[in-house]
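**Student:** Okay, sequence plus prediction incoming.
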Amino acid sequence: AKAAGFPARTGLHALRHFYASALIRHGESVKIVQKRLGHSSAAITLDTYTHLWPDSDDRTRQAVERALSVKIDRTADTVRTRGRLS
């Protein structure tokens, strides 16, 4: 823990939680996190770390934000609508 720059009193429990958090934040599935932590079932992983996974509201909000930030290629719209752009 010290070599990685964590405070001196950081224990194994905190390091496991940090590791799980990093995997989840980077989009790993519950099955991968379960396997990496050595849990006997995905239910144990979910019971412990479910608060770290984004919920449906978060994913929906992010999808809308991505959709609204995309620039529209007006030439593609012209082809698709046969030139009828307003």
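**Tutor:** Structure's in. What do you need?
**Student:** any idea which residue sits dead centre in this protein?
**Tutor:** residue 27 (3.7 Å; CA atoms, centre = their mean).
**Student:** So for stretch 9-28, mean pLDDT?
**Tutor:** The average pLDDT for stretch 9-28 rounds to 90.
**Student:** got the buried residues for it?
**Tutor:** The neighbour-count check on stretch 9-28 (16 or more other CB atoms under 10 Å) flags 20, 23-24, 28 as buried. In short, each C-beta sits where N, CA and C put it, glycine included.
**Student:** what do you get for stretch 47-57?
**Tutor:** Going by neighbour count (16+ other CB under 10 Å), the buried part of stretch 47-57 is 49, 53.
**Student:** Let me see the residues that make contact with it.
**Tutor:** Applying CB atoms under 8 Å, 6 or more residues apart in numbering, the external contacts of stretch 47-57 come out as 20-21, 24-25, 30, 33, 39, 62.
**Student:** what do you get for stretch 35-42?
**Tutor:** Residues from elsewhere that reach stretch 35-42 (CB under 8 Å, 6+ apart): 16, 19-20, 23, 28, 30-31, 34, 45, 48.
**Student:** repeat that for 6 Å
**Tutor:** 30-31, 34, 45 (CB atoms under 6 Å, 6 or more residues apart in numbering).
**Student:** Same check on stretch 5-25?
**Tutor:** Stretch 5-25 is contacted from outside by 1, 33, 49, 52-53, using CB under 6 Å, 6+ apart.
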